[in-house]
Every structure is written in C-alpha cells, then in structure tokens.
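Undergrad: Structure, please.
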Amino acid sequence: MRVVLWKPSPRRRRHRARAGVTNFSGDDHSDRNTYSGAEELPPVPEVTDDDEVLRWDMQPGDALLFNSYALHGAPGNPSTTSARRRGYATRWCGDDVRYEDRPGTMNAGWVAAGFDNGLADGAPIACALHPDCARPRKHAQAPRSRKFSTWCADRQAKAAVDIEAKGAALNLDFYEFSFVDVFGAQRSKLVPASRVREMATDGAGFAGFAAYLDQDPSSGDVLAMPDASTLTQLPWNPRVGYLACDLVWQGDYLDHAPRNALRAMLRKLGDRGLTLKTGVECEFFLVDPTTGAVADALDASSKPCYDAMALMRRFDVISEVMTAMEALGWGPYQADHEDANGQFEINWDFDEALVTADRHAFFKYLVKSVSQKHGLRATFMPKPFQATTGSGCHAHVSLHDETGANVCADSSGTLGLSPTARHFVAGVRDRAEIKLHAIDATLRNLTH
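TA: Numbers count the residues shown, from 1 in each chain. As a prediction, this is how the structure comes out:
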C-alpha cells in the first residue's frame with residue numbers, strides 16, 4: 001500500500017522532491033473512511049518530472065504521523081498552512097489505510113491495517129516507516145525543504161538507532177550533545193547511554209536565551225538533534241561520545257544557528273552541482289590558568305615564529321593532540337610554534353565544509369581539554385595580548401563539481417584562477433563589510 005503526496009509544478013525543476021508535507025486534517029484530504037481491498041479506489045494521477053513527489057511504502061501495521069505545529073508553526077497561521085494546503089493533493093491506495101486524528105494533540109496520520117500503538121491516547125509512534133523519495137534530479141543532493149517534517153523525523157529516529165548501536169560497540173557510557181552558538185561558544189548536555197535513543201530521537205532541550213542564540217525567555221526551548229555521522233569517542237575520556245547537533249525550534253531549523261546556516265548555504269551550492277571544501281589553520285595560545293600570562297617563561301624571543309626549542313618544550317601537549325587527531329582519521333600533517341610567544345598552530349587535511357567545520361569546533365574542545373590535563377589553559381581568543389601577534393584562522397576554500405574536479409583552478413587563468421574562482425573572490429570582497437558583523441562578533445576580533 002502506498003500514500004502519495006504530490007504538488008503540480010508550473011515549470012520543470014532540477015532539484016529533488018521537497019521533503020515537506022501538509023497537515024492532513026479536514027475533509028479537504030480525507031473522508032475518514034476505512035477502505036477494503038475489494039473496493040475500487042480512485043487512481044493516483046500520473047506523476048511527471050514536473051511534479052514534486054514524496055511517496056511512502058506502507059506495510060500492514062505501519063503508520064505515518066504528521067504534526068501540524070512542527071510543519072506550519074503556531075495554529076491559525078494562514079501564511080504557511082493554507083498556502084501549503086492549497087498546493088498539495090494526496091491519495092492512498094492499498095488494502096486498508098485510513099486517516100486518524102490523535103485527540104488532544106496536534107497530530108494526525110495515515111494508518112495501515114493492523115496498527116495498534118495507542119494512537120488515541122497520544123502514545124508515541126514506534127513502527128517502521130519506509131520513505132521512498134522521488135528519484136533525485138542530476139544536481140540534487142538533499143530535499144530542499146528546511147522543515148523538520150515527517151521525513152526528517154523519520155530520519156532522526158533512524159539516526160538515534162544508529163547512534164545507540166555505534167555507541168554500544170564503543171562501550172560508551174555517556175553522550176555529549178553539543179552545538180556552537182553565534183559567538184562560537186560550545187554548549188552541550190550529557191546524556192546517559194540508557195536514554196540516548198530517546199534523546200537522540202526527540203532532541204535535547206536548551207534554553208536559547210541562556211546561550212548566545214538571540215532569543216529571550218519567552219522563546220521556549222531549542223532542541224539539539226544529533227548528527228549520527230559525527231559520533232566521536234572523546235580521546236581524553238573514552239567513556240563519552242561527542243555528537244554535533246542541528247538546532248530545531250518550534251519544529252523548524254533555527255536559521256541563525258551556525259551549523260544550520262552553513263548547511264543552508266551548502267544546499268544552495270548543491271543545487272548548482274557544486275561542493276565546497278575547506279581547510280583551516282587554527283592558532284591558539286597556551287597560557288598559565290592562574291595568571292593568564294604565557295605559560296612558558298622561556299618563550300620570550302622577539303621573533304619566536306617556528307622556534308624549535310619553544311615548540312618542543314610543549315611536545316607533551318602538541319603530540320597528544322596530534323596523536324588523537326590521527327586516531328580520529330583527520331590526517332594532521334604539521335604543527336609549529338607561531339609568530340607570538342606561547343602561540344601554536346596545528347594543520348590537518350581539508351574536507352567538505354561541514355566536516356571541516358565540525359572538526360574545527362571539536363579541535364578547540366580537544367586542545368583545551370588536553371591542555372587542561374597538563375595544567376595549562378588554551379585560548380583561541382583573537383587578541384589575548386595587545387603587544388604581540390593575535391591568533392587568526394586562515395581558511396583555504398575551493399569549489400568542486402560532481403566529478404570531484406576543482407572548478408577554482410585554471411592553469412591558463414590569472415594567478416591560476418578560473419572565472420568561477422574570480423567571481424567567488426569578488427563576491428566575498430563585495431560582502432566583506434556585512435559579513436564582519438557575524439565573523440568578528442567582539443572587539444577583540446577587530447583588534448587582531
């Protein structure tokens with residue numbers, strides 16, 4: 001049996017099906033009757049390449065649950081709900097599929113024969129879902145909808161199972177659900193292994209106003225939804241698994257959460273058949289945790305860059321960090337003493353932008369934790385000392401097509417750059433002043 005949702009499109013689109021659904025409520029979409037296999041059902045219209053389609057294959061005992069608040073925001077919001085309702089149509093076909101509301105909730109669903117999981121009293125759905133999205137277009141990499149809809153909720157539930165299984169194989173006792181706020185501060189909650197599947201499915205709640213997320217106490221919680229692919233056993237505490245999370249607020253991705261903002265930009269590039277790859281050069285200082293001064297009193301040269309002695313006096317910290325990075329598969333390839341006293345840099349292999357961003361956030365956590373273990377404090381502050389060079393983070397950026405070729409490179413172009421690269425640089429320069437408000441969020445950034 002199959003439930004089909006489609007939206008006629010006025011023109012051909014290159015991207016894949018939108019993974020959002022409408023709120024299936026009211027007689028617009030269902031007569032609420034139970035159909036038997038003997039009864040002739042209306043045929044599903046022919047679907048063309050011009051339509052946006054999402055299909056679900058349902059087996060006996062399955063259910064598809066939709067939450068209208070998650071999909072459309074607050075009740076009575078006609079700017080989203082009614083517009084989406086008008087644009088979509090649905091059909092169900094098979095031996096026995098019916099529409100049901102969940103009394104006392106904002107949920108409704110299509111239910112297959114044999115499903116019995118407390119639908120009426122609001123118990124959670126705990127059945128297998130079988131989403132089958134329309135075949136992606138040539139340049140499509142992900143559904144375009146930002147909504148944390150049924151398709152995404154199903155994906156999150158599967159991710160939770162994956163996290164639990166991988167964690168059990170690693171003998172993890174705890175999981176750290178982590179995100180980075182708009183000022184770059186790392187926030188997290190610790191979840192015991194006995195509850196990780198539940199928390200990974202529903203999300204860990206955070207008061208957004210208590211972190212730098214530009215919210216107030218009336219905003220309600222944001223939910224941290226872990227990305228299973230980022231599960232990392234902490235090198236300095238192997239009982240704990242670290243997870244980078246996407247923030248969801250009132251059923252939608254929180255647009256200005258850094259990871260969400262990056263993913264949104266990467267989707268736009270994906271629509272053009274492009275992948276952004278980045279590499280970073282992270283600089284940091286090692287200071288005395290009590291005085292805040294450079295921890296190594298002998299590191300006093302007026303020109304300390306690449307100082308061999310100063311580097312090797314911190315061999316215990318630098319080597320432990322690099323060994324951990326190697327074990328994690330990052331490919332660290334060099335470390336050095338940088339241009340200021342007490343300043344160091346470690347480099348590792350470039351990768352897709354989201355991977356590098358997640359690793360960058362974890363790298364700071366790793367360096368700070370290892371340094372603390374050795375009685376030191378690591379700081380990535382841009383300008384901790386007024387009289388010396390500050391810490392930056394050079395970013396190497398390149399665009400790659402579907403074959404993996406670097407479209408920024410052109411041996412015949414000026415400085416070896418292709419027209420695409422030159423336009424990219426021009427765009428960065430044109431918008432540089434605006435971007436400073438996000439990138440240089442504090443005065444210490446600007447004094448670098």
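Undergrad: after the worst-scoring helix or strand of the chain on mean pLDDT comes which helix or strand?
TA: Lowest mean confidence among the helices and strands of the chain (mean pLDDT, DSSP states H and E): strand 131-133, at a mean of 27. Scanning forward in sequence from strand 131-133 by DSSP states H and E, the next helix or strand is helix 150-169.
Undergrad: which element follows that following helix toward the C-terminus?
TA: Later in the chain than helix 150-169, the nearest helix or strand by DSSP H and E is strand 174-180.
Undergrad: Pull up the pairing partners for that following strand, direction included.
TA: strand 186-192 (antiparallel), strand 240-249 (parallel) (DSSP bridges).
Undergrad: low pLDDT regions in this protein?
TA: For the chain, the stretches with pLDDT under 70 are 1-152, 438, 440-448.
Undergrad: Would you tell me which strand is longest in it?
TA: Longest among the strand segments of the chain by residue count, using DSSP state E, is strand 275-287.
Undergrad: helices and strands around that one, which ones?
TA: Other helices and strands packing on strand 275-287, by 3 or more CB pairs under 8 Å, 6 or more residues apart in numbering; DSSP states H and E, are helix 258-271, strand 343-348, strand 351-352, helix 353-373, strand 377-379, strand 393-400. In this view, the C-beta of every residue, glycine as well, is placed from N, C-alpha and C.
Undergrad: try 6 Å
TA: For strand 275-287, the elements it packs on are strand 343-348, helix 353-373, strand 377-379, strand 393-400, judged by 3 or more CB pairs under 6 Å, 6 or more residues apart in numbering; DSSP states H and E.
Undergrad: Tell me the buried residues in the second one?
TA: Right, helix 353-373. 353-354, 356-371 (16 or more other CB atoms under 10 Å).
Undergrad: what's the next secondary structure element after the longest strand of the chain?
TA: Moving toward the C-terminus from strand 275-287, the next helix or strand (DSSP H and E) is helix 308-313.
Undergrad: circling back to that earlier point, any chance of the helices and strands packed on strand 275-287 in a markdown table, with distance to Gly279 too?
TA: Conversion of the helices and strands packed on strand 275-287 to a markdown table gives the following (distance: least, CB to CB, whole Å):
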| stretch | distance to Gly279 |
| --- | --- |
| strand 343-348 | 8 |
| helix 353-373 | 7 |
| strand 377-379 | 21 |
| strand 393-400 | 4 |
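Undergrad: between these, which one is nearest to Asp227?
TA: Closest approach to Asp227 among the helices and strands packed on strand 275-287 (CB to CB): helix 353-373, 7.9 Å.
Undergrad: domains of the chain?
TA: Listed by automatic domain parsing, the domain ranges of the chain are 1-142, 154-261, 274-407.
Undergrad: buried stuff in stretch 240-251?
TA: Within stretch 240-251, the residues that count as buried by 16+ other CB under 10 Å are Val240, Gly241, Tyr242, Leu243, Ala244, Cys245, Asp246, Leu247, Val248, Trp249, Gly251.
Undergrad: Could you give the number of residues near the nearest residue to Val182 once chain neighbours are set aside?
TA: The shortest distance from Val182 to any non-neighbouring residue, by CB to CB, 6 or more residues apart in numbering, is to Tyr212 (5.1 Å). If you count neighbours by other CB atoms under 10 Å, Tyr212 ends up with 15.
Undergrad: what is the orientation angle of the helix or strand harbouring His437 with helix 258-271?
TA: Using DSSP H and E, the element containing His437 is helix 432-439. Helix 432-439 and helix 258-271 are oriented at 140 degrees to each other (axes from the mean of the first three to the mean of the last three CA atoms, to 10 degrees).
Undergrad: In which helix or strand does the closest residue to Tyr306 other than its chain neighbours reside?
TA: Once flanking residues are discounted, Tyr306 sits nearest to Asp336: 5.6 Å by CB to CB, 6+ apart. Here Asp336, judged by DSSP H and E, is contained in strand 332-337.
Undergrad: Which neighbouring elements make contact with that strand?
TA: helix 315-327, strand 343-348.
Undergrad: returning to that earlier point: okay, buried residues for the longest strand of the chain please.
TA: By neighbour count on 16+ other CB under 10 Å, the buried set for strand 275-287 is Thr275, Leu276, Lys277, Thr278, Gly279, Val280, Cys282, Glu283, Phe284, Phe285, Leu286, Val287.
Undergrad: Residues in contact with that strand: which ones?
TA: Residues outside strand 275-287 that contact it (CB atoms under 6 Å, 6 or more residues apart in numbering): 269, 295, 338, 342-343, 345, 347, 350, 352-353, 356, 360, 363, 367, 376-380, 384, 391-398, 400.
Undergrad: try stretch 188-208
TA: Identification of contacts with stretch 188-208 by CB under 6 Å, 6+ apart yields 157, 160, 163-164, 172-178, 215, 219, 221-226.
Undergrad: Buried ones among these?
TA: Taking 16+ other CB under 10 Å as the criterion, what is buried in the contacts of stretch 188-208 is 157, 160, 163-164, 172, 174-178, 215, 222-226.
Undergrad: of all those residues, which comes closest to Glu320?
TA: Ranked by distance to Glu320 (CB to CB), the buried ones among the contacts of stretch 188-208 are led by Glu176 at 19.6 Å.
Undergrad: residue contacts, the closest one?
TA: Counting by CB under 6 Å, 6+ apart, Glu176 touches Ser188, Leu190, Val240, Tyr242.
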